[in-house]
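Student: here's a sequence, model it:
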Amino acid sequence: MTTSIFASAAWIGSTGETPAPGKRPAYTFRAGFRIDSLPSTARLVATAHGIYEAFVNGMRVGDEELTPGMTNYRKTLYMQQFDVLELLHEGENTLELVVSDGWFRGKCGPRRLADNFGSDVAVIARLTADDEPLVETSGAWEWGIGAITRADLMDGQTSDLRRIGHEEWAPVRIVDDVLTRDVARLALSPAPPVRRKERYEPVSITRLPSGRQIVDFGQILNGWVRLARLGGEGTVVSLIHGEALDASGDLTLDNIDYFQGPGKPKLGVGQRDEVISRGVVGDVFEPRHTTHGFRYVAIDGLREELGAGDISAIQVRTDLRRIGEFSSSDRRLDELHRIAVASWHANTCDIPTDCPQRERWGYTGDFQIFIRSAAFIDDVRGFSAKWLTSVADDQREDGCVLNVSPHCGVAPPTPQMPISFDGAAGWGDASTIVPWELYRQYGDLEVLRENLPTMVRWVEYAANTAATTRHRSRQGTEARSHEKYLWDSGWQWGEWLEPDVEFDWASDKSIVATAYLAHSAKLVADAAELLGDAATVIRFREIQEGAVHAWRTEFLEDDGSLTQSTQANYVRALAFGLIPEHLSHAAAGELATKIEEAGGHLSTGFLTTGLLLPVLADHGYVDLAYRVLFQDSEPSWMTMLDRGATTVWEAWNGIDANGVAHDSLNHYSKGAVIAFLHEYIAGIQPAAPGYAAIRIAPHPHPRLERASATLETPYGAVSSSWRIVDGAFLLDVVSPAGVVTEIELPDGRRETTEGGTHTFRSDS
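Tutor: Numbering: from 1, shown residues only. Okay, the predicted model is just below:
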């Protein structure tokens, strides 16, 4: 944190009435300054309540987008620093800051709730030359409304290019309130910035009889469109963004418009941009104050035919560094990996979102499900650290971790709906699982040290809830001793989205919640043990053991079967070690039987789908894991591919057999299956945190002739590449010098190296 970087700079804002949410403009703040001789260094530091762009002498500063990003603005506000030396010249100069609502006061979440952190946008900035101030925000600045007459992250942006050079200017207002006075919340982000990343050209442009043009970019992404053909002066071009087409070939938003509930109209997803041309050759529309989740764009109002070079799609996401790859001999398996990565990347716009269109929320459950896969794809240390700061900032006084962080766009409980949806098992447990997975991947104890207070308070909340409240079905009966650790109350999503299972909000979901209580208590105790906190270890081992006992008492039969016999419950129990070792083989057999009874289909839901295949492989059912992976009929990953998925769907029938779209077509959580590709098919696993020791244990199958993966670890690059040649299994392993590498071959043979390049052969 810093308190002096802005020195005497003031927070400034606009004056006058504020339009309704979704219709508010971007505000331009400007000041002039003079330079008699060019300095050797020049630095701009800025941040905003809203999102901002900076311009020096009309030239954009830096390449970061959507600054200062998404955060709990009440607790943490990130600043940006830019080198602006090359933009300065001797004589008169100008600094402009363009600020729009962004996450601070724009519409957020599926219900499009606005003014989440405040009702006024504001900005603060300081430009120094050779560490001496050149210009800083103050009451001497002026403000006006430029070309951006409407800007909202959810609804979209309108730019009237005819306004360029015709702004009306007025004195700014000094913004002095509780937030602007809180300098302790200022920080530099540990995460890489959001940038313009992949660029997609159209794969087709179709003119409909209505005159509308449909542009297909061939890939669902998050970002915006760059339009270079705007028509003559006064032409109004609208752009509507969506993921699917209807039967007539027109854009449909039905799958992503928000369903509010029975008898209520859907809320439109927004995602509508508009540009009014000034008729100047070379003008380009690129709406940098909004983002959309889309593959298709419907263009209305443009008479000219769009052609090559006129339009492209820009993916806007955190600039994560790629560290892992996977490939195989199976085209569809490689495509599954590709769309999982594409879905993940489209949901990394400053925070891990669930989807980039309908909600755009930092759901805690989604990231805890995918974190292991994410850490194999990209270096996610800084990205995760930033998000975990928001999780801690949002944590309630009682320790409850919220379903969504940063917490915005969430409707408070009302007399009509008095339920808080926060504190759900599997969602709040992101506060323990994500730090632990980061430690597993990078071996850095600091991530545990920094997050242990949040972890502790969450598990204490869950344990206290279990001890003090009961599900209504148990009320009125005498509580048995184990029920102190039976978490059967509060709002629970349960397994969520199990195929063909209708969600019952009132049902007892303690088989899920108690399992997570045991698992998170174990993670807290393990973390505390690593950090030398003996008292915390003792306290949370007691919670862990109590929750395991409660779970076994309620749900485990003497033969290893469960009282609530679902695939998901078996998977979670085996993954979390809730089944005693002497019964685990029987429980795994029950799981395998349920899959066979389903015709080789999974029926796991949101929380356990990513755990299913590893659990099967760990308990000797490798062939069954491959059968589920390559299943060709719904529900399955291969059905997604066969129906044209370019990102992972929220629902297994995201595009049904009739070609109709359902729900979001870009929810990355089911893509967590690729951890099986990395760690089991290719076989790269950490044998010690941070890959201080490495385990290579491939699981080949007749479906594949070869598979390989590479990963950049903190100790260096590791790769595992196997192939079948004349019936023999050949494995090439590369690992960092000096790192003990354990190799487990399919014939059961074990080898150990201390790094380097080695080839192994197995003939059985």
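
Student: who touches residue 235 in this structure?
Tutor: Residues near residue 235 by Cβ atoms under 8 Å, 6 or more residues apart in numbering: 276-277, 279, 301-303. C-betas here are computed from N, CA, C, even on glycine.

Student: right, I mislabeled it, should have said residue 122
Tutor: Residues in contact with residue 122, defined by Cβ under 8 Å, 6+ apart, are 11-13, 48-50, 99, 175, 180.

Student: next one: phi and psi at it?
Tutor: For residue 122, the backbone dihedrals (degrees, to the nearest 10) come out as phi -160, psi 160.

Student: same question for residue 430.
Tutor: phi -60, psi -30.

Student: same thing with the one 5 residues further on?
Tutor: Recorded main-chain torsions at residue 435 are phi -60, psi -40, according to degrees, to the nearest 10.

Student: now do it against residue 292, distance only.
Tutor: Distance from residue 435 to residue 292, counting by Cβ to Cβ, to the nearest Å: 32 Å.

Student: tell me the confidence at residue 417?
Tutor: If you check residue 417, the pLDDT there is 65.

Student: also residue 260?
Tutor: What the model reports as pLDDT for residue 260 is 86.

Student: which other helices and strands contact the lengthiest strand in the chain?
Tutor: Identified as the longest strand of the chain according to DSSP state E is strand 213-227. Here strand 213-227 touches strand 194-200, strand 204-207, strand 236-242, strand 272-276, strand 292-300, strand 311-318, helix 331-346, going by 3 or more Cβ pairs under 8 Å, 6 or more residues apart in numbering; DSSP states H and E.

Student: need those in CSV with mean pLDDT, mean neighbour count and distance to residue 570, can you?
Tutor: Output for the helices and strands packed on strand 213-227, formatted as CSV (pLDDT from 0 to 100; neighbours: other Cβ atoms under 10 Å; distance: least, Cβ to Cβ, whole Å):
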stretch, mean pLDDT, mean neighbour count, distance to residue 570
strand 194-200, 98, 17, 39
strand 204-207, 98, 13, 45
strand 236-242, 98, 22, 38
strand 272-276, 98, 23, 46
strand 292-300, 98, 25, 34
strand 311-318, 98, 23, 36
helix 331-346, 98, 21, 24
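
Student: export those to TSV and append columns for distance to residue 557.
Tutor: Formatted as TSV, the helices and strands packed on strand 213-227 follow (distance: least, Cβ to Cβ, whole Å):
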stretch	distance to residue 557
strand 194-200	51
strand 204-207	57
strand 236-242	49
strand 272-276	55
strand 292-300	45
strand 311-318	46
helix 331-346	36
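
Student: what ranges do the strands span in the stretch 51-200 of the chain?
Tutor: Here the stretch 51-200 of the chain has its strands, by DSSP state E, counting those that start in this stretch, at 51-56, 59-60, 77-83, 91-100, 122-129, 132-136, 142-145, 148-152, 156-160, 170-171, 173-174, 186-188, 194-200.

Student: repeat for the stretch 301-450 of the chain
Tutor: Under DSSP E, counting those that start in this stretch, the stretch 301-450 of the chain gives strands at 311-318, 321-322, 324-328, 378-379.

Student: closest one to residue 157 among those strands?
Tutor: Smallest distance to residue 157 across the strands of the stretch 301-450 of the chain (Cβ to Cβ): 12.9 Å, for strand 311-318.

Student: do you know how far the most centrally placed residue in the chain is from residue 367?
Tutor: Centroid-nearest residue in the chain, with Cα atoms, centre = their mean: residue 352, separated by 1.8 Å. Using Cβ to Cβ, residue 352 is found at 4 Å from residue 367.

Student: give the residues shared as contacts by the two.
Tutor: Joint contacts of residue 352 and residue 367 (Cβ under 8 Å, 6+ apart) are 374, 387.

Student: buried ones in the strand or helix carrying residue 595?
Tutor: In this structure, residue 595 sits in helix 581-597 according to DSSP states H and E. By 16 or more other Cβ atoms under 10 Å, the buried positions in helix 581-597 come out as 583-584, 587-592, 594-595.

Student: and what of stretch 301-314?
Tutor: Neighbour-count burial for stretch 301-314 flags 301-302, 306, 310-314 (criterion: 16+ other Cβ under 10 Å).

Student: can you redo these as TSV with distance to residue 85?
Tutor: Listed next are these as TSV, based on distance: Cβ to Cβ, whole Å:
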residue	distance to residue 85
301	42
302	40
306	39
310	35
311	35
312	31
313	33
314	27
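
Student: considering those residues, which is situated nearest to residue 701?
Tutor: residue 313 (37.0 Å).

Student: can you pull the domain assignment for the protein?
Tutor: Per automatic domain parsing, the domain ranges recorded for the chain read 12-190, 197-318, 694-762.

Student: can you add distance to residue 378 and give those back as TSV?
Tutor: What follows is the domains of the chain, written out as TSV (distance: least, Cβ to Cβ, whole Å):
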stretch	distance to residue 378
domain 12-190	15
domain 197-318	9
domain 694-762	10
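
Student: go through these and name the closest to residue 413.
Tutor: Closest approach to residue 413 among the domains of the chain (Cβ to Cβ): domain 12-190, 13.6 Å.

Student: which helices and strands sit right next to the longest helix along the chain?
Tutor: Among the elements of the chain assigned as helix by DSSP state H, the one spanning the most residues is helix 445-468. On a contact count with 3+ Cβ pairs under 8 Å, 6+ apart, helix 445-468 meets helix 381-394, helix 430-442, helix 510-530, helix 534-555.

Student: hmm, 6 Å instead?
Tutor: Using 3 or more Cβ pairs under 6 Å, 6 or more residues apart in numbering; DSSP states H and E as the contact test, the elements touching helix 445-468 are helix 430-442, helix 510-530.

Student: residue 154 is nearest to which of the helices and strands packed on strand 213-227?
Tutor: Nearest to residue 154 among these is strand 292-300 (9.2 Å), distances taken as Cβ to Cβ.

Student: who does the closest one pair up with?
Tutor: Strand 292-300 pairs in its sheet with strand 213-227 (antiparallel), strand 236-242 (antiparallel), by DSSP bridges.

Student: which stretches of the stretch 651-764 of the chain form strands?
Tutor: Assigned by DSSP E, counting those that start in this stretch, the stretch 651-764 of the chain shows strands spanning 684-686, 694-696, 706-713, 716-725, 728-735, 741-744, 750-753, 756-762.

Student: out of those strands, which gets nearest to residue 73?
Tutor: Of the strands of the stretch 651-764 of the chain, nearest to residue 73 by Cβ to Cβ is strand 706-713, at 34.3 Å.

Student: now the strands of the stretch 301-450 of the chain in JSON lines, with distance to residue 754?
Tutor: Putting the strands of the stretch 301-450 of the chain into JSON lines (distance: least, Cβ to Cβ, whole Å) gives the following:
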{"stretch": "strand 311-318", "distance to residue 754": "36"}
{"stretch": "strand 321-322", "distance to residue 754": "27"}
{"stretch": "strand 324-328", "distance to residue 754": "23"}
{"stretch": "strand 378-379", "distance to residue 754": "25"}
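
Student: ok, now which ones touch residue 255?
Tutor: Residue 255 makes contact with 244, 661-663 under the criterion Cβ atoms under 6 Å, 6 or more residues apart in numbering.

Student: hmm, back to that, please name whichever of the strands paired with strand 292-300 is nearest to residue 619.
Tutor: Closest among the strands paired with strand 292-300, using Cβ to Cβ: strand 213-227, at 35.2 Å.

Student: the closest residue to residue 210 other than its chain neighbours and residue 425: what is the separation?
Tutor: Once flanking residues are discounted, residue 210 sits nearest to residue 250: 7.9 Å by Cβ to Cβ, 6 or more residues apart in numbering. Distance of residue 250 to residue 425, given as Cβ to Cβ: 42 Å.

Student: between those two, which is the more surrounded one?
Tutor: Using other Cβ atoms under 10 Å as the criterion, residue 250 and residue 425 rank with residue 425 on top: 26 against 16.
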